[in-house]
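Undergrad: Pasted the sequence and its predicted model underneath.
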Amino acid sequence: MLPFTTDRLLLRPLRADDAHGLFELDSDSAVQRYLGGIGGPRPANLSDSEATIMRIEAHYAAAGGLGRWAVVLRATGEFMGWAGLKLVAETINGQRNFYDIGYRFLPRYWGQGYGYEAAQAWLTYGFATLGLPRICAYADVENAGSRRILEKIGLVPGATFEENGTACVWYEVAAP
């Protein structure tokens, strides 16, 4: 898979030199607020973020390049966070082997439409380029911002369920 762009964003695979940005992202208490049991462990140091990138790179290799990709501000080259589609093999909300759309941004980029722009780009890519039949997501019931993005791009809310002690809302949409 090749990197692609939107009006303001560059979407590309995460790489080793993103470790500092990923550490900042995953260490931020505002970012962690709604992740609870669904966001993975908070990194203790830069080495943890480097190891996360290595695991993501292995996932890319196994999934034909698909996974969580870096989101970079085109105008400046700044690392903003990540977004992407990934195949989830484990069972979540009774679902298994589904494509999950996700995103996570540094707080300084919140409220400016970047999350929507990245999520919309991945939704379009998933349906138009990859030919996926369905795309799913889930979010903490209290995370109004993330839920608003999912609904704005067309995912439909479904059942509320618990994932690792966190109350979540399930979302999905079938290919147009």
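TA: Now that the structure is in, tell me what you want to look at.
Undergrad: For the rest of this, base every contact and every neighbour count on C-alpha atoms.
TA: OK.
Undergrad: wouldn't Arg104 be in contact with Val71 here?
TA: No: with contacts counted by Cα atoms under 8 Å, Arg104 stays clear of Val71, the gap being 9.2 Å.
Undergrad: Mind listing the shared neighbours of the two?
TA: Residues touching both Arg104 and Val71 (Cα atoms under 8 Å, 6 or more residues apart in numbering): 81-83.
Undergrad: Could you export those to TSV, including columns for secondary structure and pLDDT?
TA: Shown next, in TSV, are those (DSSP: H, G, I helix; E, B strand; the rest coil; pLDDT from 0 to 100):
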residue	secondary structure	pLDDT
Gly81	strand	97
Trp82	strand	97
Ala83	strand	97
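Undergrad: Now flag whichever of those residues is closest to Arg108.
TA: Gly81 (10.5 Å; Cα to Cα).
Undergrad: need the helix or strand of this protein with the lowest average pLDDT.
TA: helix 29-32 (a mean of 88; mean pLDDT, DSSP states H and E).
Undergrad: Next, the buried residues of it.
TA: Under the neighbour-count criterion of 16 or more other Cα atoms under 10 Å, helix 29-32 has 31-32 buried.
Undergrad: so after that helix, what's the next helix or strand?
TA: Next helix or strand after helix 29-32 toward the C-terminus (DSSP states H and E): helix 46-62.
Undergrad: Can you name the next helix or strand after that next one?
TA: strand 68-73.
Undergrad: Remind me what that following strand packs against, helices and strands.
TA: Here strand 68-73 touches strand 9-13, strand 79-88, going by 3 or more Cα pairs under 8 Å, 6 or more residues apart in numbering; DSSP states H and E.
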